[in-house]
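Peer 1: sequence first, predicted coordinates after that:
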Amino acid sequence: MAQMNMLEAILSAQKTMLERDDKVIILGEDVGYFGGVFRATEGLQAEFGTNRVFDTPISENGIVAAAIGMSINGLRPIAEIQFADYIYPAFDQIASEAAKLRYRSGGEYSTNITIRTPCGGGIRGGQTHSQSPEGIFTHVTGINVIMPSNPYDAKGLLITAIESNDPVIFFEPKRLYNGPFYGEPDKPSVGWDTHKKGEVPDGHYSIPFGEAAITRAGEELTIITYGTMVHVVETAVEMTGVDAEIIDLRSLAPIDYDSIINSVNKTGRCLVAHEATKTGGFGAEILSIVQENCFWKLRAPIERVAGWDIPYPHAFEWEYFPGPKRISNAINRIMEA
Amino acid sequence: MAQMNMLEAILSAQKTMLERDDKVIILGEDVGYFGGVFRATEGLQAEFGTNRVFDTPISENGIVAAAIGMSINGLRPIAEIQFADYIYPAFDQIASEAAKLRYRSGGEYSTNITIRTPCGGGIRGGQTHSQSPEGIFTHVTGINVIMPSNPYDAKGLLITAIESNDPVIFFEPKRLYNGPFYGEPDKPSVGWDTHKKGEVPDGHYSIPFGEAAITRAGEELTIITYGTMVHVVETAVEMTGVDAEIIDLRSLAPIDYDSIINSVNKTGRCLVAHEATKTGGFGAEILSIVQENCFWKLRAPIERVAGWDIPYPHAFEWEYFPGPKRISNAINRIMEA
Amino acid sequence: MAKNQNQFSGGNSLNQLYVPQPTARPDGFNDFSHLHIPDVEQAACPAIDCSPHDMRDLAYGLIRVLDDDGNAKGNWNCKIEPQRLLQGLKDMLLTRMFDERMQTMHRVGKISFYMKCTGEEAISVAHAAAINFEDMVFPSYRNQGILLARGCNLVDMMCQCLSNARDNCKGRQLPIMYSWKKGNFFSISGNLATQFSQAVGWAMAEAQQGGNRLATTFVGDGSTAELDFHSALNFAATYSPPVILNITNNQWAISTNQVIAGGEKTTFAARGIGFGLPSLRVDGNDFLAVYAATKWAADRARAGLGATVIEYFTYRVAPHSTSDDPSAYRPKNEEALWPLGDPIERLKTHLINLNEWSEEQHNILIEEIKIKLKKNYKQAESYGTLKTGDRPDVTTMFEDVYEDMTLNLRRQRQEMGL
Amino acid sequence: MAKNQNQFSGGNSLNQLYVPQPTARPDGFNDFSHLHIPDVEQAACPAIDCSPHDMRDLAYGLIRVLDDDGNAKGNWNCKIEPQRLLQGLKDMLLTRMFDERMQTMHRVGKISFYMKCTGEEAISVAHAAAINFEDMVFPSYRNQGILLARGCNLVDMMCQCLSNARDNCKGRQLPIMYSWKKGNFFSISGNLATQFSQAVGWAMAEAQQGGNRLATTFVGDGSTAELDFHSALNFAATYSPPVILNITNNQWAISTNQVIAGGEKTTFAARGIGFGLPSLRVDGNDFLAVYAATKWAADRARAGLGATVIEYFTYRVAPHSTSDDPSAYRPKNEEALWPLGDPIERLKTHLINLNEWSEEQHNILIEEIKIKLKKNYKQAESYGTLKTGDRPDVTTMFEDVYEDMTLNLRRQRQEMGL
Ligand SMILES: Cc1ncc(C[n+]2csc(CCOP(=O)(O)OP(=O)(O)O)c2C)c(N)n1
Ligand SMILES: Cc1ncc(C[n+]2csc(CCOP(=O)(O)OP(=O)(O)O)c2C)c(N)n1
Ligand SMILES: [Mg+2]
Ligand SMILES: [Mg+2]
């Protein structure tokens, strides 16, 4: 086992797969010589050559389209979209092509592409370097949508993504690259060496899609979340002293029904938290699943804490961010209900 | 008052606005000389000239971008996207530009564009002429998302859309163009002359956004829906004999909280129906709003009836479509719960 | 290419937006006299390793081999064996008659939709003849000629159009949205142009793996405006993969003339020049010219010299689809006056000139194809039509969304009672 | 433009994907000797109504006016009055020094981010000088020179960068993402190239309404790969609206060299040729050349003759942004060896040659600007910095999402306790 931060884990997953399978290749803006603006592909071109790891023109559409085409010819491409905020120009290739190809061709063709993209705020990136658009993709059937919250999961899930024969969008909460973030920007930041999920095997391992992780077991309330918010929720739970069960979904599509339903059936209370804007976000789907499946066990309304329905404002980053305060307030409301 | 089908009402709204405001212009694929593949702009170029109504290159991105640019220079463009399934290439201009321009510029700039686009299935269009992607847009704050269910509303809401100083995506359920559709494809189709909302004023009138219509008052159950499904739900309600209140949202963003909440508080039961695929669809948001606001009044789980989470299959159109049978089953389940 | 292509035209002197117009609408008349059709001898045939910069003229001219009398001439005449030409004639005829048969089946309500390629048969058929079966095709919806030239089973094609129990797309796609993996023919998309950029990716992977196959892909004049066209040319220019980027300029995109696609002031082949790619403009109704241009581009690709852009100049004789009636937007007589003629007639004349074919043989061939189509169609129909309702097993509806059916979809399938 | 631009280069003979590489990486050396810089006298200056087809050479050459000794020459020398040149010099210097000041403010933690345009000042400043204030600018993030040349209030610009109480973007945008409606300067987007196609729409509306203003818009070399670039050229070619489509080829897109943007085998100006648009390639470090090319394009647009594509060849002396360190991906000495020199130095020399300026005056000017920047910055800081935390009123956070705040947002604002 090695100590890795999330970037190192992501780099390690890619390196592991480049070594294991010569069909794996990496393409994207600045991913080659430079190793990516976040350095998630650092050193890979030097090691594996430009035939395996290379820069592309600044065309997210072209990157995804080329990756799809390459996959049809037997490769297993990993495409980096520099920021999730810049994935929209590729939306047609993702939603109309990658997601539907297997179905429309009666199973004759399919694409295995993995799209890695950093998401989320908290790095003073302003409205075009902070978005969490996962809720747009979870409504598109035919793709897997993944968002890990720690280095161990990031590596294991990314390996599963690369090995998957279906298209995967792999969202990387960039605020977590260097350490867990507990939602308090004024506190000194800590590294992944302080967290047990910062221990990451060097070699190959994988984590199946569709299995949530229970990061804290509890009896009084179920909190369902993913990405950066997993850690922020931890802080909020500590603030309230409530014995909450925290479910880190990790895999949004496919989703782990059992973990969600079993937990809420046990606790009778549920809170959903994500960083993306609230209306129409993936939280609405989670809430709906809980409501549909656990209605008779619910002792209080399920609540959602999410980003406000505004673009991510540069100067009001922490006012936008659904921090521990807003979450603990919601926890208290639910417990008192 | 005149008798109009939905296409005529949409044509009439555009004509009314072209006459009233010389800043209104129309652009899109085949909208000019030909009058649109569904003929929603028929005769408008002949009457108003190519300076007001004109064809564009087949670039949905370019259409929306040009419309945004034109609006910055004082015009009020109506852009037609030939099928909602083809709106994705324009997604970046819609989500990153139109939706965020007012906010990011501190209110200095904004865009008033109206994007009209036919959506929904039931015309044997297969998976790329049948989609209902409204749930992707309702998650993007900064745009209005509208879907009328009848000629009267279509005209009044389209005029509001054109007059609005915010961007609007105006979804037109194409299955309703020529008549209400009650969800039974084997029955002879009827025209809008059989429906009271087929009576449409000739001149200018508008219907405010954010106001739902109660198309059937009832006491036992609230059914929240929009578009084609409004009529399908009617059939299902008749099949069950349940005294259901049917809410036609018409305006998804902004949404009419009061009508929803008051109704469910009254009935204690709620069903949500839409044609779009279920997971992450707008139904999840509606369900969430109801759950958050009416929890203590709910006497049964809220259910969603929606398209299955698969692409719209050409040969299984009616198996995909959430028809009266599936809805009435859900109604009965809820009533028995 | 308009006569005034080299002169500036268009502008806003009228204080209104300049919106280009086609030569004529239904109330007008278009004999294409504004077109300048260059002589067969005119176009030079450069070596495949010629600098794209030095062959730019080819993007503005018109590569032709068959002259008006049906004789093969000029620098691009690559002297194809008559057997190959004959096969081409048969495949073109099969394509046209297949289209007619299916169009009829639509008229009588057996299929929901159809798209013909009448007048454009040479493009697909000659292109297919000039590349290898192993080469990967990323088609548009008007390339049925490639399927037929590659020998795709007629019953299979018909079953796809019928969405019946034998449809290999399992009833999920509109008619004509074929997929034929064994024939190295990619699944057709309803979204215009998406295949163009995917083809470039496929070709990049071919180079990456050191293979010797090429990718070839088609879009229409109207579809060149789509974003994937730009991505395709950009990636092709950057990485020089073995790909042929074909533009079928049939002058219409539904009701919209190619002048609106940006075809008024230059050619579509010229788009390639913008990226420094070798770009050919070809008489799309001339089987020999299409063959020669394709061959040139294929040789170039296989020599590791990268992508070629080819515009085929042709005319969409058919309506856009069965949902379309062109008399609403263009003069009825246009195709009759279209100066590049009918590709089948032209090749037939050539073969007759060569004494390799006769009117009699032609008529026999027509009868043979008729019988073959009839027989095959009968078989296809036995698996069901829109009317009989024989469809793929409905339980397959939830399959192939993912490789393994998700729990969510299993639940939904159950909910449906399957 | 590489010497071998007209020769075929690149290919897959090595049985691997061809991936273009920059001339040198940090461990290498690049003196730009592979570049061929044409003579000042070489480029012809066509009439504005010349056919784009007849002036294609201009897309492959380099329009220059100032020679190596700082003298104005050649066909594009439009003999600008010295007062105008002097103003240009001042604006360029102000731009450079403004950048330096703000960069420093980033270093000391007062702003979160910054992007300099060092070495590229002539492009924005001369362009602004050659169009009217009423003309609408759809900028990229490296066009601060246009704001400064148009006299935008320095305090306002600084307050935007500080996201403070006086920021006209109300703290919602990253520093340098200016919006200045009164200055006919569009809101800068974080999404590359989106402004390019919007500018064309704006110009279409101008033609539609019979106005006499033009739109002008900028993208970088890297951003030409984005989809909006294609839409812009396509719509501009189709409707001939009054727009100037500018490409700043500073050879780098973060760490990615312009060879990856498809700049290896041809020029970026050539993209315009693909659409039949007049296309100029200009020495971007030559104030007089940028001015002349812009003037030509503006005259053309105002004469109703439509769009022009201009590529400015320059070098990104600055790091991409304050988040970037170019020494990781390019040789440290590159900018010093860059043959087109420094735009400020070149114009200064020219003005000194004209006896309109002196080193002494130049030094005084530098001191004046320093003082002015200091004074203005002090005032700007008084409204708050990242450190002091003086920000726009937090209640404005929910405003401007829609024209009228929706019930949903009012509820959320309440929930936040505002
Ligand atoms: C993205 C997208 N936009 C619009 C359409 C609707 N559409 C289908 S075919 C067509 C015209 C295409 O014309 P062209 O590219 O010239 O091909 P042709 O039909 O002439 O072969 C249009 C607009 C579509 N299928 N996809
Ligand atoms: C759609 C999109 N993709 C990616 C980015 C990230 N990004 C910001 S600047 C940049 C490089 C742009 O280079 P270029 O166009 O040459 O402009 P320059 O910075 O040289 O002025 C990239 C990739 C972005 N802002 N938007
Ligand atoms: Mg066409
Ligand atoms: Mg650049």
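Peer 2: Yep, that arrived. Ligands and ions are numbered 1, 2, ... in the order given.

Peer 1: for the nearest residue to residue C:121 once chain neighbours are set aside, grab the count of nearby residues.
Peer 2: Once flanking residues are discounted, residue C:121 sits nearest to residue C:92: 4.0 Å by C-beta to C-beta, 6 or more residues apart in numbering or on different chains. For every residue, glycine as well, the C-beta is placed using N, CA and C. A total of 27 residues lie near residue C:92 under the criterion other C-beta atoms under 10 Å in any protein chain shown.

Peer 1: quick one, longest helix in the chain?
Peer 2: Picked chain A for this. Ranked by number of residues, the top helix in chain A under DSSP state H is helix A:6-20.

Peer 1: hm, I was asking about chain C
Peer 2: helix C:82-107.

Peer 1: got the domain ranges for chain C?
Peer 2: Domain assignment for chain C by automatic domain parsing gives C:52-323+C:330-387, C:394-418.

Peer 1: from the stretch 101-250 of chain A, which residue is nearest to ligand 2?
Peer 2: residue A:128 (6.5 Å; C-beta to the nearest ligand atom).

Peer 1: wait, what's in contact with that residue?
Peer 2: Shown in contact with residue A:128 (C-beta atoms under 8 Å, 6 or more residues apart in numbering or on different chains): A:83, A:85, A:86, B:96, D:174, D:189, D:190, D:191.

Peer 1: once you drop chain neighbours, what's closest to residue 70?
Peer 2: Just going to use chain A. Closest to residue A:70 by C-beta to C-beta, 6+ apart is residue C:205, at 4.0 Å.

Peer 1: please refer instead to chain C.
Peer 2: residue C:349 (3.3 Å).

Peer 1: now residue A:300
Peer 2: Nearest to residue A:300 is residue A:337, by C-beta to C-beta, 6+ apart, at 3.5 Å.

Peer 1: which residues touch the helix or strand that the longest helix of chain A is followed by?
Peer 2: For helix A:6-20, the following helix or strand on the C-terminal side (DSSP states H and E) is strand A:24-28. Applying C-beta under 8 Å, 6+ apart, the contact partners of strand A:24-28 are A:14, A:17-18, A:36, A:41, A:44, A:51-56, A:63, A:66-67, A:70, A:75-82, A:116, A:162, C:208.

Peer 1: quick check: angle from strand A:24-28 to helix A:6-20?
Peer 2: 130 degrees (axes from the mean of the first three to the mean of the last three C-alpha atoms, to 10 degrees).

Peer 1: go through whichever helix or strand comes after strand A:24-28 and flag the buried ones.
Peer 2: Counting by DSSP H and E, the next helix or strand C-terminal to strand A:24-28 is helix A:44-48. Residues of helix A:44-48 classed as buried under the neighbour-count rule (16 or more other C-beta atoms under 10 Å in any protein chain shown) are A:44, A:45, A:48.

Peer 1: pLDDT of helix A:44-48, averaged?
Peer 2: Taken as a whole, helix A:44-48 has a mean pLDDT of 98.

Peer 1: and the next helix or strand after that helix, does that touch chain D?
Peer 2: Sequence order places strand A:53-55 as the next helix or strand after helix A:44-48, per DSSP H and E. Yes - using C-beta under 8 Å from any C-beta of the partner chain, strand A:53-55 reaches chain D at A:54, A:55.

Peer 1: show me what strand A:53-55 is packed against.
Peer 2: strand A:24-28, helix A:44-48 (3 or more C-beta pairs under 8 Å, 6 or more residues apart in numbering or on different chains; DSSP states H and E).

Peer 1: what do you get if the cut-off is 10 Å, keeping everything else the same?
Peer 2: Judged by 3 or more C-beta pairs under 10 Å, 6 or more residues apart in numbering or on different chains; DSSP states H and E, strand A:53-55 is in contact with strand A:24-28, helix A:44-48, helix C:227-239.

Peer 1: check whether the second one comes into contact with chain D.
Peer 2: Yes - for helix A:44-48, a contact with chain D is found by C-beta under 10 Å from any C-beta of the partner chain, at residue A:45.

Peer 1: surely residue C:206 and residue C:216 touch.
Peer 2: No - assessed by C-beta atoms under 10 Å, residue C:206 is found out of contact with residue C:216, at 11.7 Å.

Peer 1: quick check: neighbours shared by the two?
Peer 2: C:135, C:136, C:242, C:243, C:301 (C-beta atoms under 10 Å, 6 or more residues apart in numbering or on different chains).

Peer 1: of these, which belong to helices?
Peer 2: Judged by DSSP H, helices contain the following of the shared contacts of residue C:206 and residue C:216: residue C:301.

Peer 1: many thanks, we can stop here.
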